[in-house]
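Peer 1: Next input, structure requested:
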Amino acid sequence: MTATPRIDKQKGNSVLKRPPTLEINNLPRLVNSPEIVEKLREVVIKHRFSKLFDWDDATGRTKYAKEIDAHALKRHDYTIQLYLPWVWQVFDLNKKTKVVEIGCGTGSSTAAFAPYVGEIIGYDIDARYVEAATDRMKVQGLENASIHCYPPNEVNQKILKRHKKERADIVLLFAVLEHQTIAERLDTLNMAQQIVADGGIIVVAETPNRLCYQDMHTSVMPFFHMLPYELKQLYYNRSPRKNFKESVTSFLKQKELTQDKIEEYFIRWGDCVSFHEFELTFKNIHQRIIADGFHPNLIRLRGIRKEDEILQEALHSFLPDVHPAFSRHYLDLIIQC
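Peer 2: Numbers count the residues shown, from 1 in each chain. You can find the predicted model right below:
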């Protein structure tokens with residue numbers, strides 16, 4: 001195995017067959033449809049935010065305005081503008097394309113992909129999210145998308161049973177791996193390879209990297225994601241993220257909590273991932289990445305941080321065979337199968 005080539009931050013990943021270019025889709029975005037956006041806000045409030053322990057009908061819409069809009073339209077719109085062309089440059093999307101999305105959440109990315117593929121089937125472990133995603137598809141008039149809910153200990157088996165023969169052209173893992181336990185994560189990555197068709201791709205998107213310093217996903221504190229769980233439960237209340245602190249405080253007041261339940265709670269809020277899980281589950285992972293977070297589209301979405309540069313230097317010095325994709329503060333990978 002030869003050393004992985006260095007990244008030119010302006011040109012992107014040199015393993016691509018043709019140089020990646022900045023391409024912004026001018027496809028229909030929700031921000032231009034205020035009536036639909038308002039309906040989607042009500043959908044995510046009804047099924048997700050109104051279920052929060054501290055939700056108040058009088059103040060909740062203001063308190064959680066940023067998070068509500070992230071679910072209702074923002075992720076959908078930047079997926080349309082930036083992620084879709086990122087995928088399109090290496091894999092053709094058309095009305096014959098079949099997508100399986102694992103961990104679809106409230107359906108933002110599902111709805112973004114749906115108009116440009118033949119069929120998309122989403123799965124999640126949270127019934128509230130699945131209800132929100134199902135209602136979203138109705139609001140947006142997306143008839144080629146279906147959403148299914150299974151408990152954590154069954155979901156991968158159910159997906160594998162359904163799709164091992166009816167394989168997908170694309171398996172989409174959008175902002176999901178960080179919410180899984182290590183065992184679930186490894187099982188998901190192994191299962192994804194069994195349900196993707198030959199020549200298909202696995203798309204990993206918006207997954208925080210544990211090897212970077214700042215936890216921007218959950219606590220918004222440096223190094224928090226690197227702490228052992230026993231230390232996290234003692235240190236969490238220093239987080240500047242108010243709803244994270246309040247939620248953890250409320251959870252820890254419950255009686256008869258085991259350490260396993262506490263660990264799972266922090267994981268469901270969001271942990272981090274690195275190249276290690278991929279090396280354990282993929283053969284020759286570093287040769288199979290055909291697009292990554294150094295693509296100009298994703299640099300536009302999330303600029304290059306100093307810690308990306310530091311991590312890239314460290315990997316180049318100590319582990320030169322590791323793909324530079326794993327030096328971004330968020331992992332965005334397209335893996336050829």
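Peer 1: State the helix or strand in which residue 162 lies.
Peer 2: Assessed by DSSP states H and E, residue 162 sits inside helix 155-163.
Peer 1: quick one: average pLDDT of whichever helix or strand comes after that helix?
Peer 2: Next helix or strand after helix 155-163 toward the C-terminus (DSSP H and E): strand 168-174. Averaged across strand 168-174, pLDDT comes to 98.
Peer 1: Next one: the residue nearest the centre of the chain from residue 128, what distance?
Peer 2: Geometric centre of the chain, nearest residue: residue 175, 1.2 Å, by Cα atoms, centre = their mean. Counting by Cβ to Cβ, to the nearest Å, the gap from residue 175 to residue 128 is 16 Å. Using the backbone N, CA and C atoms, a C-beta is placed for each residue, glycine as well.
Peer 1: Next: residue 300.
Peer 2: 32 Å.
Peer 1: Compare those two (neighbour count), which wins?
Peer 2: Legend: neighbour count by other Cβ atoms under 10 Å for residue 300 and residue 128, higher for residue 128 (17 against 13).
Peer 1: just checking, that one touches residue 48?
Peer 2: Yes - using Cβ atoms under 8 Å, residue 128 is in contact with residue 48, at 5.6 Å.
Peer 1: re the thing from before, what separates the helix holding residue 162 from the chain centre, distance-wise?
Peer 2: Remark: helix 155-163 is offset 20 Å from the chain centroid, using Cα atoms, centre = their mean, to the nearest Å.
Peer 1: Could you check the angle that helix makes with strand 168-174?
Peer 2: 160 degrees (axes from the mean of the first three to the mean of the last three Cα atoms, to 10 degrees).
Peer 1: residues of helix 155-163 that come out buried?
Peer 2: Across helix 155-163, burial judged by 16 or more other Cβ atoms under 10 Å covers 155-156, 159, 163.
Peer 1: For it, C-alpha coordinates in CSV please.
Peer 2: Only the C-alpha atoms of helix 155-163 are listed here, as CSV (Å, rounded to 0.1, in the frame of the first residue of the first chain):
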residue,chain,number,x,y,z
VAL,A,155,-33.2,-2.4,13.2
ASN,A,156,-30.1,-3.7,11.5
GLN,A,157,-31.5,-7.3,11.3
LYS,A,158,-34.7,-6.0,9.8
ILE,A,159,-32.9,-3.9,7.2
LEU,A,160,-30.6,-6.7,6.3
LYS,A,161,-33.5,-9.2,5.9
ARG,A,162,-35.3,-6.8,3.6
HIS,A,163,-32.5,-5.5,1.5
